[in-house]
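Trainee: Give the three-dimensional model of this entry:
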Amino acid sequence: MTTVGRRFSLVFSRALGKVIAHVHGALDAESAQELQDRLIDVIDGQGNRSVIIDLASTTFIDSLGLSVLFDAWRRMHDRGGEFMLSGPKNDVARVILASDLENVFVITPAWTHPVHGDSRIR
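Mentor: Down below sits the predicted model:
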């Protein structure tokens, strides 16, 4: 059964030469493949070198979601690119910390598009 908090949507945008993937809802076994497919296209297919995963609206993440993020980080790292996680809320941040990946990922405060205010990611 799907609850409102677990619905998933994925929106990509571009700003300041970066690709931003806005992840809404649960990043779990039901949704991780969609994010992985899109990130493979963004990194390998399109050759982007700077990706931000906006987790401000992500309500849940499981080990499969984390593995997708780690795979994307590794792809970018192997290409000398930049991969960041932005604005994870308490529950999602706790899972990242518990997995000991906070030392792998660059994690920033919530992404703010420069048009809407000062960008917190430089």
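
Trainee: Span of stretch 21-39 from start to end?
Mentor: 9 Å (Cα to Cα, to the nearest Å).

Trainee: pretty sure Ser13 is in a strand, no?
Mentor: Yes - per DSSP: H, G, I helix; E, B strand; the rest coil, Ser13 lies within a strand segment.

Trainee: any idea which helix or strand carries His22?
Mentor: strand 18-27 (DSSP states H and E).

Trainee: Any chance you could list what contacts that strand?
Mentor: The contact list for strand 18-27, computed with Cβ atoms under 8 Å, 6 or more residues apart in numbering, reads 5-14, 31, 35, 38-39, 42, 48, 50-62, 65, 68, 82, 86, 111, 121. Quick note: C-beta positions are derived from backbone N, CA and C, even for glycine.

Trainee: please redo it, this time with the cut-off set to 6 Å
Mentor: Residues outside strand 18-27 that contact it (Cβ atoms under 6 Å, 6 or more residues apart in numbering) are 6-9, 11-13, 42, 48, 50-55, 57-61, 65.

Trainee: Are any of those buried, and if so which?
Mentor: 8, 42, 48, 50-55, 58-61, 65 (16 or more other Cβ atoms under 10 Å).

Trainee: Just the residues you listed: which are in strands?
Mentor: Mapping these onto strands (DSSP state E) picks out 50-54, 58-61.
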